[in-house]
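Colleague: Kindly generate the corresponding structure for this input.
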Amino acid sequence: MDINEFKEIVRQESKRFKKVPYTGYSAFTLALTLSVAVKKIFFEKSKTKFTSEPLLEKKHVVYYDGRMRVDAMEKFNVTTVCSVIEFAASEEALKKREYILTLIVYLEKEFLAEFLSLLQYPYLDIDDDDELKDGCGTLGNLIAGQYKREMAALGYDDFTMSHFESYLNSVKEGIDIPKGATDKYEITFEVEGIKHLVVELVTPPVIPKHQAPKSTTTKRILVIDDDLTLIKIITPLLRSHGFEVLVARDGQEGIEQLKESPHLIILDMKMPRMNGYEFIMAMQQMTEVPRIPIIILTSKQGLENIVNVDLVKEYIIKPFKPDGLLESIRRHL
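Modeller: Numbers count the residues shown, from 1 in each chain. Got it, this is the predicted structure:
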């Protein structure tokens, strides 16, 4: 797309936009905002700049049996991983699948590990399908979280984001998208002159602003775990749902973070230096620290009979479902 074609798209979109009541921004504007969000992530985390400005194209949604057809192989013509994240006006709307935005991230299988390494993520085994899907989903979460922050700058401050769903090559049953969406915006990013990342945004023509009352207090969650991969997955998940996140790699760092007055603690039990048991005992001796609810997140069964203190509210076994973790957090905040 050359500059004249781009200007023509802007002119046509602006002309059409003036014909509808102003209740929010056009899909084209929000697609440009998404492009900005992706560029910010890579520059802020790795000082990486894409080879050229992202290519933004408007395309027609292809439906199959009432759902949008998704074939990742069409993007690269090689084995491709894709992740889908939905946005809704509230948790209730999300459960009812009343989506406002649908975000899809596509990456070549062979390039996924390199892409994540740019963002300083640990080694990824590209021959492990589950790791591939989690890796693409992690990138999807990063993009979606940054996109929410960019949307907030435009006045959208109440979107709820789903957990990612990842697929290899295609989604056989298709995906749900916002009602009334007939078009999508496809954004292509080049690294060293080669297309390696594609992000799609599916929306109705105009996305209304749903202003919700702002909470007077942002809830602060302290995550204590030495698993770097888990921290890099759970942190954007919690932030995308409006929580402030503190991180500690062991119990000793967790004790130091208590001065930040967290409202809830997510605690692993097996850690170096000071493990979860020692952390709980040390915190109980700190009379100046208020009673903070604890959710234990562990891969070990049977801890209910080992750690029996009032502060421990729930035990969640790894691997966990993000929705289940979020529900547990809300029960104790």
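
Colleague: Tell me where the model's unsure across the stretch 201-333 of the chain.
Modeller: 208-217, 300-309 (pLDDT under 70).

Colleague: can you rerun that using 50?
Modeller: Low-confidence segments of the stretch 201-333 of the chain (pLDDT under 50): 211-216.

Colleague: would you list every one of the strands in the stretch 201-333 of the chain?
Modeller: 206-208, 220-224, 244-248, 264-267, 294-298, 312-317 (DSSP state E, counting those that start in this stretch).

Colleague: after the longest helix belonging to the chain, next one along is what?
Modeller: Taking DSSP state H as the criterion, the chain has its longest helix at helix 129-153. Remark: after helix 129-153, the chain's next helix or strand is strand 160-161, criterion DSSP states H and E.

Colleague: quick one: strands adjacent to the next helix or strand after that next one?
Modeller: Using DSSP H and E, the helix or strand that directly follows strand 160-161 along the chain is strand 165-168. In the sheet, strand 165-168 lines up against strand 80-88 (antiparallel) (DSSP bridges).

Colleague: Pull the contacting residues for Asp323.
Modeller: Taking Cβ atoms under 8 Å, 6 or more residues apart in numbering, we find Asp323 in contact with His163. For every residue, glycine as well, the C-beta is placed using N, CA and C.

Colleague: give the contact list for Pro272.
Modeller: Contact analysis of Pro272 by Cβ under 8 Å, 6+ apart lists 226, 250.

Colleague: can I get the strands of the stretch 201-333 of the chain in a markdown table with mean neighbour count and distance to Val191?
Modeller: Shown next, in a markdown table, are those (neighbours: other Cβ atoms under 10 Å; distance: least, Cβ to Cβ, whole Å):
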| stretch | mean neighbour count | distance to Val191 |
| --- | --- | --- |
| strand 206-208 | 18 | 30 |
| strand 220-224 | 23 | 31 |
| strand 244-248 | 19 | 29 |
| strand 264-267 | 24 | 35 |
| strand 294-298 | 22 | 35 |
| strand 312-317 | 16 | 37 |
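
Colleague: Just give me the residue right at the centre of this structure.
Modeller: Among the residues of the chain, the one closest to the centroid is Asn141, at 2.2 Å (Cα atoms, centre = their mean).

Colleague: nearest residue to that residue other than its sequence neighbours?
Modeller: Distance criterion Cβ to Cβ, 6 or more residues apart in numbering; nearest residue to Asn141, sequence neighbours excluded, is Pro236 at 4.4 Å.

Colleague: how many neighbours does that neighbour have?
Modeller: 21 (other Cβ atoms under 10 Å).

Colleague: go on, Asn169?
Modeller: 16.

Colleague: so is Ser117 in a helix, a strand, or just coil?
Modeller: helix (DSSP: H, G, I helix; E, B strand; the rest coil).

Colleague: Now for it: which residues touch it?
Modeller: By Cβ under 8 Å, 6+ apart, Ser117 has no neighbours at all.

Colleague: just Val81 next, same as before
Modeller: 72, 106-109, 112, 132-133, 135-136, 166-168.

Colleague: mind redoing it with 7 Å?
Modeller: By Cβ atoms under 7 Å, 6 or more residues apart in numbering, Val81 lies in contact with 107, 109, 112, 132-133, 136, 166, 168.

Colleague: same thing with Leu311?
Modeller: Contacts of Leu311 by Cβ under 7 Å, 6+ apart are 280, 291-294.
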